[in-house]
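S.K.: The amino acid sequence is not available; the structure is as follows:
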């Protein structure tokens, strides 16, 4: 490898190490340190084996207690905001999203027109009563469709968008809102970078979390525009590299390049479809030669791999996938596909995931190719 070029395998290893899937560094410090390294962990309402943000920690740390994961996310060291999607973010990233908060404030609305008097009433209630859910504040919906929000819901979500309130916890999957000055460290609130500095720091963070990335990859990580990324790239510490087979120029973290010669053990695990290692379909295909698609919102008859198909990571490659479910204390692989050479890895990943969520058995439904079903059942037994 020259200083300016990477082979496909080198790029893949750089990406895996940066995401905590290769080597011991990804396991150090537990869930809180993992969150700081990734910079963003996506939240989603879907819960199959566990919620996606729990699965992200499990994939990197193994059988870490789920209560420990929740505590790391919601114990004052993190907040929820709009990054790649709705994400848990480390508290030190609060200043970096100032550009987005200012944009929403200048625009004056996001999803709905904001009632004039509702915002002050929400802020007064939070000052007087402490952290509250939208239900405690006065109601989430008017009673119609999901999108038919109450005035209080509209107001508090806009206050969240512009940074006048902050979400630092989910309670029964409802956001818990608080005042930033009560929920975040003073030094975080005192840091007020301008838009250019916000973008430069976010692009730099994304580059470290991805290891090696195109402009499109860097933009997708925190949902920036490509022009925003290009405008600040030269001011980051990322270096330009050429990756074998990649059409576009890439940018790499210097530390990730320096660690290329370091050996480490690969994680064998099932991944949430919302995991930051695979949440970008185009990047996943380019890095792993693996077609990844979330089919939860595809009509059931048209699904190929299942509602919540979880890719199998083994030996640094994506080598299969499984759509899991539960029947009592049995983890059921409703649909499973796997490379023949990855059967042992699939069995290991299924057994470990089952144990983590309190299941004592694994059952198989549909297996592709079908001739693998018998050998896989033998390995699971």
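M.R.: Received the coordinates, thanks. As the structure is a prediction and not an experimental result, all values here were calculated from the model. Numbering: from 1, shown residues only.
S.K.: measure residue 157 to residue 177 for me?
M.R.: 9 Å (CB to CB, to the nearest Å). Heads up, the C-betas are built off the backbone N, CA and C, glycines and all.
S.K.: and what of residue 108?
M.R.: In terms of CB to CB, residue 108 sits 20 Å off from residue 177.
S.K.: For residue 88, grab phi and psi.
M.R.: When read as degrees, to the nearest 10, the backbone of residue 88 gives phi -80, psi 130.
S.K.: Please enumerate the helices of the stretch 201-350 of the chain.
M.R.: Counting by DSSP state H, counting those that start in this stretch, the segments of the stretch 201-350 of the chain that form helices are 215-221, 226-232, 254-258, 281-288, 343-356.
S.K.: deepest of the ones you listed, which one?
M.R.: Ranked by mean neighbour count, these are led by helix 215-221 with a mean of 22 (mean count of other CB atoms under 10 Å).
S.K.: ok, residue 108 and residue 177, which is more surrounded?
M.R.: With neighbours defined as other CB atoms under 10 Å, residue 108 and residue 177 compare such that residue 177 has more, 26 against 10.
S.K.: what's the pLDDT at the more buried one?
M.R.: pLDDT, residue 177: 96.
S.K.: go on, the one 5 residues further on?
M.R.: We have a pLDDT of 94 for residue 182.
S.K.: what's the spacing between residue 207 and residue 343?
M.R.: 36 Å.
S.K.: What are the neighbouring residues in contact with residue 313?
M.R.: Contacts for residue 313 were tallied using CB atoms under 8 Å, 6 or more residues apart in numbering; they are 21, 59, 266-271, 277, 319.
S.K.: I'd like those residues as JSON lines, with neighbour count and pLDDT appended.
M.R.: Shown next, in JSON lines, are those (neighbours: other CB atoms under 10 Å; pLDDT from 0 to 100):
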{"residue": "21", "neighbour count": "23", "pLDDT": "97"}
{"residue": "59", "neighbour count": "25", "pLDDT": "97"}
{"residue": "266", "neighbour count": "17", "pLDDT": "95"}
{"residue": "267", "neighbour count": "24", "pLDDT": "95"}
{"residue": "268", "neighbour count": "20", "pLDDT": "97"}
{"residue": "269", "neighbour count": "23", "pLDDT": "98"}
{"residue": "270", "neighbour count": "24", "pLDDT": "98"}
{"residue": "271", "neighbour count": "27", "pLDDT": "98"}
{"residue": "277", "neighbour count": "27", "pLDDT": "98"}
{"residue": "319", "neighbour count": "23", "pLDDT": "98"}
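S.K.: what would these look like in TSV with distance to residue 381?
M.R.: TSV is the format used below for the contacts of residue 313 (distance: CB to CB, whole Å):
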residue	distance to residue 381
21	28
59	25
266	25
267	24
268	19
269	21
270	19
271	25
277	30
319	21
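S.K.: and which of the residues you listed is nearest to residue 203?
M.R.: The shortest approach to residue 203 among the contacts of residue 313 belongs to residue 277, at 19.0 Å (CB to CB).
S.K.: pretty sure the closest one is touching residue 21, no?
M.R.: Yes - with contacts counted by CB atoms under 8 Å, residue 277 reaches residue 21, the gap being 6.4 Å.
S.K.: Now for residue 357: which residues touch it?
M.R.: Contacts of residue 357 (CB under 8 Å, 6+ apart): 49-50, 326, 331.
S.K.: rerun at 6 Å
M.R.: Residues near residue 357 by CB atoms under 6 Å, 6 or more residues apart in numbering: residue 49.
S.K.: before we move on, what about residue 8?
M.R.: Residue 8 makes contact with 244-245 under the criterion CB under 6 Å, 6+ apart.
S.K.: in the stretch 51-200 of the chain, which spans are helices?
M.R.: Under DSSP H, counting those that start in this stretch, the stretch 51-200 of the chain gives helices at 52-61, 66-74, 98-107, 118-129, 134-137, 151-162, 180-183, 186-190, 195-210.
S.K.: now the first one: how far from the chain's centre is it?
M.R.: Taking the mean of its C-alpha atoms, helix 52-61 sits 9 Å from the chain's own mean (CA atoms, centre = their mean, to the nearest Å).
S.K.: quick one: that helix to helix 66-74, angle?
M.R.: 110 degrees (axes from the mean of the first three to the mean of the last three CA atoms, to 10 degrees).
S.K.: which residues touch helix 52-61?
M.R.: With CB under 6 Å, 6+ apart as the criterion, helix 52-61 contacts 20, 26-27, 31, 34, 41, 43-44, 64, 66, 69, 88, 269, 271-272, 274-275.
S.K.: Between helix 343-356 and it, find me the angle.
M.R.: Relative orientation of helix 52-61 and helix 343-356, computed by the same axes, to 10 degrees: 120 degrees.
S.K.: Flag every buried residue along helix 52-61.
M.R.: Across helix 52-61, burial judged by 16 or more other CB atoms under 10 Å covers 52-61.
S.K.: For burial, what's the neighbour tally of the residue nearest to residue 307 when sequence neighbours are not counted?
M.R.: Nearest residue to residue 307 in three dimensions, chain neighbours excluded: residue 296, at 5.3 Å (CB to CB, 6 or more residues apart in numbering). A count of neighbours around residue 296, defined by other CB under 10 Å, yields 15.
S.K.: likewise residue 73?
M.R.: 25.
S.K.: And residue 181, by the same measure?
M.R.: Neighbours of residue 181 using other CB under 10 Å come to 9.
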